[in-house]
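*Asks:* Give me a model of this one.
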Amino acid sequence: MSFDNQVFVWLHLLVSLLLQPVTWGLFGLLALAVMDIGITLGERLGGLARWRRLALPEIERRARKRLDRADLIARVGPMLGLMGTLIPLGPGLAALGEGNVQILSVAMRVAFDTTVLGLLAGVIGFALGRLRRRWYDELLDELEAEGNQHATSLAQ
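*Replies:* Numbering: from 1, shown residues only. Purely as a prediction, here's the structure:
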């Protein structure tokens, strides 16, 4: 029994040490999402028009890189939010068992706050990814149509 208790003490210590890195990760993802919103606005306000001067492989490389970043934000944000939800619930429920409602209320507030931050990051990443996919597909379709039109005019 003593070994089992010690394992659980170490497990709890390890998990509780994760809350701060998870929270910083959420803040980092939100900062990345805000930066990505700015880049997306720049693309919409003329940046994509400048992409037309680039070679097709370069356009695809840039598009893939930006879509990967939006997908990372959309997927990792909710995961970190869930971790930030579950980590403080253990000590909060233990405090409730001891009758300390104050610690439980702090733990619940942290749990809900990290959930909201994670979902916010996920929503931003998802929305940016969807918008960009549509814009990039339209740009590539237009460039392909122009290329076909150019090839047709050369053939005549």
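*Asks:* I'd like to know how many residues surround residue 33.
*Replies:* Around residue 33 sit 22 other residues, with neighbours defined as other Cβ atoms under 10 Å. Glycine gets a C-beta too; all of them are placed from N, C-alpha and C.
*Asks:* pLDDT at it, what is it?
*Replies:* As predicted, residue 33 sits at a pLDDT of 96.
*Asks:* Repeat that for residue 45.
*Replies:* Residue 45 is assigned 92 on the pLDDT scale.
*Asks:* And residue 78, by the same measure?
*Replies:* Looking at residue 78, the pLDDT reads 96.
*Asks:* same check, this time on the one 5 residues further on
*Replies:* Looking at residue 83, its pLDDT reads 94.
*Asks:* Next up, the contacts around it.
*Replies:* By Cβ atoms under 8 Å, 6 or more residues apart in numbering, the contact list for residue 83 reads 18, 22, 114.
*Asks:* now that we have these, which one has the most neighbours?
*Replies:* The most neighbours of any of the contacts of residue 83, using other Cβ under 10 Å, belong to residue 114, which has 23 neighbours.
*Asks:* wait, isn't it in contact with residue 26?
*Replies:* Yes - if you go by Cβ atoms under 8 Å, residue 114 and residue 26 touch, sitting 6.2 Å apart.
*Asks:* quick one, helices of this structure?
*Replies:* Applying DSSP state H to the chain gives helices spanning 2-17, 19-42, 48-51, 56-97, 101-155.
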